[in-house]
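S.K.: Structure, please.
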Amino acid sequence: MITVFTPTYNRGKLLNRLYQSLRQQTHADFEWIIIDDGSSDDTASIVERLQNNHEKTSFPILYFKKENGGKHTAINMGVEKAQGELFFIADSDDTLPPAALQLVAEVWDPIKKDVSFGGVCGFDGNMNGGRLIGSGFPDGISFSTFRLSDDRCVDYIDGTTRQVRYNLGVDGDMKEVFRTSVLREFPFPKIDGERFCPEVLVWNRIAARYKMRHINQIIYWVEYQQDGISASITQSRMSSPVATTMTYAEMLDDDVALKWKIRSAVNYWRFKYCADKKSHGIPKIKWYWKLWQPAGLVMHLKDRRTAR
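M.R.: You can find the predicted model right below:
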């Protein structure tokens, strides 16, 4: 079974669109878990109506409400509640193509007993244009082919997300579907006073131990909201400097190309300047990365001017 998990905060009006895309799934063995991160809108009543009108023989809809703590804390709670072997994060403002779960299930089935695999990874597509966000698998790299039950062939690469993105140069917004037990092994850190944690912090920690089967297919439709996390990512990172600097500090020790390390060093200093005396837990980095501190300061000052 697959757990489709939706963290939501004041997005009740968008849930029906996601729900309708789940009803259209060609794969029926899944549950839908909704974690309400302290919404003040009518999310609870909207979910209740969905549950009351939902076919009882179809997938179960489970709803839980918690105090507002940020998306990462909602993910932790969803992982605790999940009954599925795989954990598919579907934000409330996005949808799934009709064959998404079927594709994930078929690609996962031959590798699920191999404990070196942490899950399956596909691509995001633009909900409005239907096109893959990014370029997908680039020309000139080696990949394998898997035949689906409908005789379609799917190209795939086995490797960690760091290897595929940073070393092979696979471009695009990826949608990771993790083994639930792996997410339980790597929960998001809870940092006092911060309500944002970059997902890539945990995804990179997983990549240090597990590989993924990456498929050159869209499994997720996205629509970025003007007031969503993606639209305000810089502000979110500025308000959560401990989790953010932790993310970039750990990337400095990862096995990635130098250009990515330089970018991480600049961003480390960029957001370290957002920390105050009450910010405990800012990680230290090796002395030579201090060379990029001036560049980080310039970007920090630019961020502050933009935020005014």
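
S.K.: Now do the contacts for the residue nearest to Asn128 when sequence neighbours are not counted.
M.R.: Ranked by C-beta to C-beta, 6 or more residues apart in numbering and with sequence neighbours excluded, the top spatial neighbour of Asn128 is Glu223, at 6.7 Å. No exception for glycine: its C-beta is placed from N, CA and C like everyone else's. Residues touching Glu223, when contacts are defined by C-beta atoms under 8 Å, 6 or more residues apart in numbering, comprise Asp93, Asp94, Asn126, Met127, Asn128.

S.K.: could you redo those residues as JSON lines and give each row secondary structure?
M.R.: Formatted as JSON lines, the entries for the contacts of Glu223 read as follows, by DSSP: H, G, I helix; E, B strand; the rest coil:
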{"residue": "Asp93", "secondary structure": "coil"}
{"residue": "Asp94", "secondary structure": "coil"}
{"residue": "Asn126", "secondary structure": "strand"}
{"residue": "Met127", "secondary structure": "coil"}
{"residue": "Asn128", "secondary structure": "coil"}
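
S.K.: Quick one, which of those are buried?
M.R.: With burial judged by 16 or more other C-beta atoms under 10 Å, the buried subset of the contacts of Glu223 is Asp93, Asp94, Met127.

S.K.: now the helices for the stretch 51-200 of the chain?
M.R.: Assigned helices in the stretch 51-200 of the chain, in chain order: 71-81, 100-108, 161-162, 180-185, 199-207 (criterion: DSSP state H, counting those that start in this stretch).

S.K.: Comparing those helices by mean pLDDT, which bottoms out?
M.R.: For the helices of the stretch 51-200 of the chain, the bottom mean pLDDT is recorded on helix 161-162, which sits at a mean of 88.

S.K.: got any ranges where the stretch 1-150 of the chain has weak pLDDT?
M.R.: Within the stretch 1-150 of the chain, no stretch has pLDDT under 70.

S.K.: re the thing from before, just the closest of the contacts of Glu223 to Glu85, please.
M.R.: Among these, Asp94 lies closest to Glu85 (C-beta to C-beta), at 22.0 Å.

S.K.: which one is the closest one nearest to, not counting chain neighbours?
M.R.: Ranked by C-beta to C-beta, 6+ apart and with sequence neighbours excluded, the top spatial neighbour of Asp94 is Val222, at 4.9 Å.

S.K.: burial measure for that neighbour, as a count.
M.R.: The number of residues packed around Val222, counting by other C-beta atoms under 10 Å, is 18.

S.K.: same question, Trp287
M.R.: The burial metric for Trp287, expressed as a neighbour count using other C-beta under 10 Å, is 7.

S.K.: Only the C-alpha atoms, please, for stretch 93-107, written as PDB.
M.R.: Listed in PDB are the C-alpha atoms of stretch 93-107, where the atom choice follows Å, rounded to 0.1, in the frame of the first residue of the first chain:
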ATOM      1  CA  ASP A  93      -2.300  22.900  -4.000                       C
ATOM      2  CA  ASP A  94      -1.100  20.100  -6.300                       C
ATOM      3  CA  THR A  95      -2.500  17.000  -8.000                       C
ATOM      4  CA  LEU A  96      -1.400  13.600  -9.400                       C
ATOM      5  CA  PRO A  97      -1.700  12.300 -12.900                       C
ATOM      6  CA  PRO A  98      -4.200   9.400 -13.100                       C
ATOM      7  CA  ALA A  99      -1.600   6.800 -13.500                       C
ATOM      8  CA  ALA A 100       0.900   8.200 -11.000                       C
ATOM      9  CA  LEU A 101       0.400   5.700  -8.200                       C
ATOM     10  CA  GLN A 102       0.200   2.800 -10.600                       C
ATOM     11  CA  LEU A 103       3.500   3.800 -12.200                       C
ATOM     12  CA  VAL A 104       5.200   4.200  -8.800                       C
ATOM     13  CA  ALA A 105       3.800   0.800  -7.600                       C
ATOM     14  CA  GLU A 106       5.000  -1.100 -10.700                       C
ATOM     15  CA  VAL A 107       8.500   0.500 -10.700                       C
END
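
S.K.: Much appreciated, bye for now.
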